[in-house]
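In: Here is a sequence with its predicted model. Questions after.
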Amino acid sequence: MKRPRCDETAAWRELQERFRSSGVSFDLRQAFAHDAQRFAHFSQTAPQVFADLSKNLIDAPTERDLLALARETQLEGYRDAMFAGERINNTEDRAVKHWLLRAPRDAADADSVAVHETLDAMLAFAERVRADAAITDVVNIGIGGSDLGPQMVVAALEAFCSEGKRFHFVSNVDAHELDAVLRRVRPASTLFLVASKTFTTLETMTNARSARAWFEQHGGQDVARHFAALTTNVQAARQFGIATTFGFWDWVGGRYSLWSAIGLPVAIAIGAQGFRELLAGAHAMDRHFRTEPLERNLPVRLGLLDIWYRDFHRFGSRSVAPYHSALRRLPAYLQQLEMESNGKSVDAQGRPVSFGTSPVVWGEPGTNGQHAYFQMLHQGTDRIPVEFIAVREPAHELPGHHELLLANALAQAQALMQGKDDPGGHRHFQGNRPSTFFVLDALTPASLGALIALYEHRVFTSGAVWGIDSFDQWGVELGKVLAGDIAKRFASGDTQGLDASTAGLLRRLGGGGQPE
């Protein structure tokens, strides 16, 4: 569907004027002083998630203009097209239906029936592995969406994980990572999961072949029992020696695939019921995004805030600070979700854009980040929006820790906003630095599912308003092609056709002999 791009709308021009007249000088401290209800106006509850947006550089008129922008760019129609299964990924001519992976079974929808048949089979296999005391280690071999999502969720839900099993994730083609895992496991007690939609992904298949060779060289028996594949290429998996496969569909993008068979390590870790609760939490957020009015639609409000910051305040990055150690891999997961989705410089029609798209997303868990990069957040020359994620109920019983953790999260958000005046200079904190604060009652499969889906739909919102295709990733391809060419040159030493820098580095790194 062809829609107006954000910079082609009247609302965009209104926002430009609003930023010039009041946005550039907006002061959070004055906003709170003038509006006793600001917290109530700019906070809300969504499924499993409470969000406080009040410490952001925004007021009611600005949000009204942003909502007008969403309507002019036909966000609601584009959202509905996604949920209707239309091929909104226009550069690859594909539907975008990861949401179907967590929806209840619909007997009238062939895709839904297939999804639930695969889900039931995958969860039954997961339960058999969980009950098999002979399997003590599960090694997931994937990369990108086949690694980041499952790895993040298994870490986040460690309090729900099966006892007696250890989980390892191998993604890097650098064999130091695989070697470190193989030195900690034994062939007879290890299950390898090879996660590749096509069963041709270079990094994944290189690691998988090395894992199989190690398995056989160290006395491993029965590859079919100790290897399973998450792939649509069943024939290639069988040629590899794998009999157990679980597939998924071309309408499942890699960074949205943890809800599919790619989530098998998660299902083994937290069990079938836990995995269904993860799906249910995400589905609840899907319903919220699909049905709530834009004014109270949390993914929409967040996505529009991202546009306000990226294109008007020109903030180039956003820091994510989860104040829960189990969420330590969440920033890395969100990097792929947002930057691979919206890191585009042309719109869905291939036209260059004249505005900023994805910010850089980065972060570390609190309180570690406070002793690393928070100095820059408080006193650096750039203003960087921060997202705090706090969990009200801990999963441990050690006294005193959790209150101190939450106090630090609240204090950092307060300090960023309020600042501190110091005429001497070195202890001066400018303040007026924006942040968003998310609260989960507890970190559970359901609340984590809802939080991930919230971020997915937020990325969808900003991409839709920018008019880009958030579901392709052509920028990943060029490096893959060039790497294949250069890999062959290490053996031959041939540098013909290479630029001088690449040729010199190839020789320096051992291609074709000693460096000149």
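Out: Looks like it arrived, so ask away.
In: So in the protein, which helix runs the longest?
Out: Among the segments of the chain that qualify as a helix by DSSP state H, the longest is helix 264-291.
In: Next SSE downstream of that one?
Out: Heading C-terminal from helix 264-291, the first helix or strand you meet, by DSSP states H and E, is helix 298-308.
In: Can you check what angle separates that following helix from helix 264-291?
Out: If you take axes from the mean of the first three to the mean of the last three C-alpha atoms, to 10 degrees, helix 298-308 sits at 80 degrees to helix 264-291.
In: pretty sure residue 470 contacts residue 461?
Out: No: with contact defined as C-beta atoms under 8 Å, residue 470 does not count as touching residue 461 (9.5 Å). C-beta here means a position set from N, CA and C on the backbone, and glycine is covered the same way.
In: returning to what we had before: give me the mean pLDDT for the longest helix of the chain.
Out: In this model, helix 264-291 has a mean pLDDT of 98.
In: tell me which strands and helices it is in contact with?
Out: Helix 264-291 makes packing contacts with helix 75-83, helix 110-131, strand 137-141, helix 145-156, strand 166-170, strand 190-195, helix 298-308, helix 445-466 when contacts are defined by 3 or more C-beta pairs under 8 Å, 6 or more residues apart in numbering; DSSP states H and E.
In: partners of the third one in the sheet?
Out: Strand 137-141 has the following sheet partners, assigned by DSSP bridges: strand 166-170 (parallel), strand 190-195 (parallel).
In: what ranges of the protein fall below the confidence cut-off?
Out: Within the chain, the ranges that satisfy pLDDT under 70 run 1, 512-516.
In: okay, which residue is most central for it?
Out: When C-alpha atoms, centre = their mean is applied to the chain, the residue found nearest the centroid is residue 334 (3.0 Å).
In: Which residue, neighbours along the chain excluded, lies closest to it?
Out: Counting by C-beta to C-beta, 6 or more residues apart in numbering, residue 361 is the residue found nearest to residue 334 once chain neighbours are left out, at 5.2 Å.
In: who's in contact with that neighbour?
Out: The contact partners of residue 361, by C-beta atoms under 8 Å, 6 or more residues apart in numbering, come to 317-318, 320, 331, 334-335, 338-339.
In: out of those, which one sits closest to residue 410?
Out: residue 320 (16.9 Å; C-beta to C-beta).
In: Correct me if wrong: the closest one contacts residue 331.
Out: Yes: Residue 320 sits in contact with residue 331 when judged by C-beta under 8 Å, with a separation of 4.6 Å.
In: Of the two, give the one with the bigger neighbour count.
Out: Set side by side, residue 320 and residue 331 show more neighbours around residue 320, with 26 against 21, by other C-beta atoms under 10 Å.
In: Backbone dihedrals for that one, both of them.
Out: As for residue 320, its main-chain torsions (degrees, to the nearest 10) stand at phi -110, psi 120.
In: Mind listing the residues bridging to it?
Out: Here residue 320 sits in beta bridges with residue 387, going by DSSP bridges.
In: mind checking how far it is from residue 308?
Out: 18 Å (C-beta to C-beta, to the nearest Å).
In: swap in residue 497?
Out: In this structure, residue 497 lies at 46 Å from residue 308, with C-beta to C-beta as the measure.
In: Out of those two, name the residue with the larger neighbour count.
Out: More crowded of residue 497 and residue 308, by other C-beta under 10 Å: residue 308, with 22 against 9.
In: and the more buried one, what does it touch?
Out: 15, 23, 57-58, 62, 66.
In: Of those residues, which belong to helices?
Out: For these, membership in helices holds for 15, 62, 66, with DSSP H as the criterion.
In: Quick one: neighbours of residue 477, just the number.
Out: The number of residues packed near residue 477 is 10, by other C-beta under 10 Å.
In: quick one: contacts of the helix or strand encompassing it?
Out: Element membership of residue 477, judged by DSSP H and E, is helix 477-492. Residues outside helix 477-492 that contact it (C-beta under 8 Å, 6+ apart): 202, 495, 498, 502, 506, 509-512.
In: Check the burial of residue 219 by counting its neighbours.
Out: Here the neighbour count serves as a burial measure; for residue 219 (other C-beta under 10 Å) it reads 9.
In: Would you check that the residue nearest to the centre of the chain makes contact with residue 319?
Out: No: under the criterion of C-beta under 8 Å, residue 334 is not in contact with residue 319, lying 10.7 Å apart.
In: Against residue 98, how distant is the residue nearest to residue 254 when sequence neighbours are not counted?
Out: Nearest non-adjacent residue to residue 254, counting by C-beta to C-beta, 6+ apart: residue 145, 3.2 Å away. Applying C-beta to C-beta, one obtains 10 Å for the distance of residue 145 from residue 98.
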